[in-house]
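A.B. asks: Let's see this in three dimensions:
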Amino acid sequence: ILTDPIFLCGTILAHHLSLPFAFFMRGLPCNLHFSAPQSPSPLSYIPRLFSFNSDRMSFFQRVENALISLLELDYCNGLYAEALKLSSEVLQRDRDVSLTDLVSPAAIWILRFDFVFEYVRPVMPNMVFVGGINCAKKK
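C.D. replies: Next up is the predicted model:
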(Lines give C-alpha, C1' and ligand atoms only; values in the text may rest on other atoms or scores of the structure.)
Protein backbone atom coordinates (compact mmCIF):
# COMPACT_ATOMS: atom_id res chain seq x y z
CA ILE A 1 0.00 0.00 0.00
CA LEU A 2 1.36 3.41 -0.95
CA THR A 3 0.29 5.75 1.83
CA ASP A 4 0.93 9.10 3.45
CA PRO A 5 1.88 8.75 7.12
CA ILE A 6 0.31 12.04 8.23
CA PHE A 7 -3.06 10.30 8.26
CA LEU A 8 -2.44 6.83 9.63
CA CYS A 9 -5.44 5.20 7.95
CA GLY A 10 -3.34 3.52 5.24
CA THR A 11 -0.84 2.31 7.81
CA ILE A 12 -3.53 0.85 10.05
CA LEU A 13 -5.15 -0.83 7.04
CA ALA A 14 -1.81 -2.31 5.96
CA HIS A 15 -1.22 -3.70 9.44
CA HIS A 16 -4.77 -5.09 9.59
CA LEU A 17 -4.45 -6.83 6.20
CA SER A 18 -0.79 -7.82 6.79
CA LEU A 19 0.34 -6.05 3.62
CA PRO A 20 3.65 -4.26 3.07
CA PHE A 21 3.37 -0.49 2.87
CA ALA A 22 5.47 2.35 1.53
CA PHE A 23 5.42 5.95 2.66
CA PHE A 24 5.47 8.81 0.16
CA MET A 25 5.98 12.04 2.07
CA ARG A 26 7.82 15.28 2.64
CA GLY A 27 8.49 14.53 6.28
CA LEU A 28 6.85 13.58 9.53
CA PRO A 29 6.51 15.74 12.60
CA CYS A 30 8.83 15.01 15.49
CA ASN A 31 11.58 13.72 13.20
CA LEU A 32 9.79 10.36 12.96
CA HIS A 33 10.85 9.92 9.35
CA PHE A 34 14.38 9.35 10.65
CA SER A 35 13.79 7.84 14.09
CA ALA A 36 11.18 5.22 13.05
CA PRO A 37 13.43 3.47 10.50
CA GLN A 38 16.24 3.76 13.10
CA SER A 39 18.35 6.11 11.03
CA PRO A 40 20.98 7.84 13.15
CA SER A 41 20.18 11.49 13.84
CA PRO A 42 22.65 12.79 16.44
CA LEU A 43 21.28 15.73 18.42
CA SER A 44 24.66 17.40 18.58
CA TYR A 45 24.94 17.69 14.77
CA ILE A 46 21.41 17.65 13.32
CA PRO A 47 19.29 20.66 14.36
CA ARG A 48 15.62 20.05 15.06
CA LEU A 49 12.94 21.75 13.01
CA PHE A 50 11.93 25.16 14.47
CA SER A 51 15.14 25.45 16.48
CA PHE A 52 16.57 27.79 13.83
CA ASN A 53 20.04 26.44 14.53
CA SER A 54 22.60 25.54 11.94
CA ASP A 55 24.68 22.38 11.90
CA ARG A 56 27.41 24.27 13.81
CA MET A 57 25.91 24.76 17.26
CA SER A 58 27.28 26.09 20.52
CA PHE A 59 26.87 24.10 23.73
CA PHE A 60 23.68 25.94 24.71
CA GLN A 61 22.20 25.45 21.25
CA ARG A 62 22.90 21.71 21.57
CA VAL A 63 21.12 21.68 24.94
CA GLU A 64 18.20 23.53 23.35
CA ASN A 65 18.20 20.97 20.54
CA ALA A 66 18.05 18.11 23.05
CA LEU A 67 15.17 19.74 24.95
CA ILE A 68 13.22 20.25 21.73
CA SER A 69 13.78 16.59 20.91
CA LEU A 70 12.32 15.54 24.28
CA LEU A 71 9.29 17.80 23.85
CA GLU A 72 8.67 16.42 20.36
CA LEU A 73 7.72 13.04 21.80
CA ASP A 74 4.91 14.53 23.90
CA TYR A 75 3.78 16.68 21.00
CA CYS A 76 3.57 13.72 18.62
CA ASN A 77 1.71 11.50 21.06
CA GLY A 78 -0.88 14.24 21.53
CA LEU A 79 -1.10 14.91 17.79
CA TYR A 80 -1.73 11.27 16.93
CA ALA A 81 -3.72 10.30 20.06
CA GLU A 82 -6.97 9.60 18.19
CA ALA A 83 -5.20 7.59 15.49
CA LEU A 84 -3.38 5.51 18.10
CA LYS A 85 -6.64 4.84 19.92
CA LEU A 86 -8.26 3.77 16.64
CA SER A 87 -5.32 1.54 15.76
CA SER A 88 -5.50 -0.22 19.13
CA GLU A 89 -9.19 -0.96 18.51
CA VAL A 90 -8.79 -2.07 14.88
CA LEU A 91 -5.66 -4.15 15.38
CA GLN A 92 -6.97 -5.64 18.66
CA ARG A 93 -3.63 -5.68 20.40
CA ASP A 94 -3.13 -6.57 24.06
CA ARG A 95 -1.26 -3.35 24.73
CA ASP A 96 -1.52 0.16 23.40
CA VAL A 97 0.05 0.67 19.99
CA SER A 98 2.77 3.30 19.86
CA LEU A 99 3.40 5.60 16.94
CA THR A 100 6.78 4.03 16.30
CA ASP A 101 5.20 0.55 16.26
CA LEU A 102 2.87 1.69 13.49
CA VAL A 103 5.28 3.46 11.17
CA SER A 104 8.61 1.65 11.65
CA PRO A 105 7.76 -1.54 9.65
CA ALA A 106 7.41 0.44 6.40
CA ALA A 107 8.97 -1.42 3.49
CA ILE A 108 10.26 1.75 1.84
CA TRP A 109 10.32 5.44 2.69
CA ILE A 110 10.03 7.63 -0.43
CA LEU A 111 11.06 11.07 0.80
CA ARG A 112 10.04 14.06 -1.29
CA PHE A 113 12.92 16.31 -0.48
CA ASP A 114 16.30 16.78 -1.98
CA PHE A 115 19.25 15.50 -0.01
CA VAL A 116 21.34 18.57 -0.86
CA PHE A 117 18.89 20.89 0.94
CA GLU A 118 18.90 18.89 4.16
CA TYR A 119 21.64 18.44 6.72
CA VAL A 120 24.06 15.64 5.98
CA ARG A 121 23.07 12.55 7.92
CA PRO A 122 23.23 8.81 7.44
CA VAL A 123 20.11 7.21 5.99
CA MET A 124 18.88 3.65 5.94
CA PRO A 125 18.89 1.55 2.74
CA ASN A 126 15.08 1.63 2.48
CA MET A 127 14.99 5.45 2.36
CA VAL A 128 14.85 6.90 -1.16
CA PHE A 129 15.13 10.60 -1.96
CA VAL A 130 13.07 11.83 -4.91
CA GLY A 131 13.76 15.55 -4.91
CA GLY A 132 12.34 18.02 -7.38
CA ILE A 133 8.76 16.76 -7.32
CA ASN A 134 7.43 19.98 -5.83
CA CYS A 135 9.26 22.25 -8.26
CA ALA A 136 7.17 24.09 -10.84
CA LYS A 137 8.43 24.40 -14.40
CA LYS A 138 9.73 27.76 -15.55
CA LYS A 139 7.46 29.70 -17.90
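A.B. asks: alpha carbons only for contacts and neighbour counts from here, please
C.D. replies: Noted.
A.B. asks: Which residues belonging to the lengthiest helix in the chain are considered buried?
C.D. replies: Longest helix in the chain, counting residues (DSSP state H): helix 59-79. Neighbour counts over helix 59-79 (16 or more other C-alpha atoms under 10 Å) mark Q61, R62, E64, N65, A66, I68, S69, E72, L73, C76 as buried.
A.B. asks: for stretch 93-110, same thing?
C.D. replies: Counting neighbours by 16+ other C-alpha under 10 Å, stretch 93-110 gives V97, L99, L102, V103, S104, A106, A107, I108, W109, I110 as buried.
A.B. asks: do the same with stretch 22-35
C.D. replies: A22, F23, F24, M25, R26, G27, C30, N31, L32, H33, F34.
A.B. asks: List of residues touching it?
C.D. replies: If you take C-alpha atoms under 8 Å, 6 or more residues apart in numbering as the criterion, stretch 22-35 is touched by 1-6, 40-41, 48, 69, 72-73, 75-76, 100, 106-113, 123.
A.B. asks: Just give me how far it sits from the chain centre.
C.D. replies: How far stretch 22-35 lies from its chain's middle: 2 Å, per C-alpha atoms, centre = their mean, to the nearest Å.
A.B. asks: What segments of the chain are strands?
C.D. replies: Remark: strands assigned in the chain by DSSP state E are 2-3, 22-25, 108-111, 127-129.
A.B. asks: any idea of the mean pLDDT in the last one?
C.D. replies: If I follow you right, that is strand 127-129. In this model, strand 127-129 carries a mean pLDDT of 84.
A.B. asks: again with stretch 33-40
C.D. replies: Stretch 33-40 comes out at a mean pLDDT of 81.
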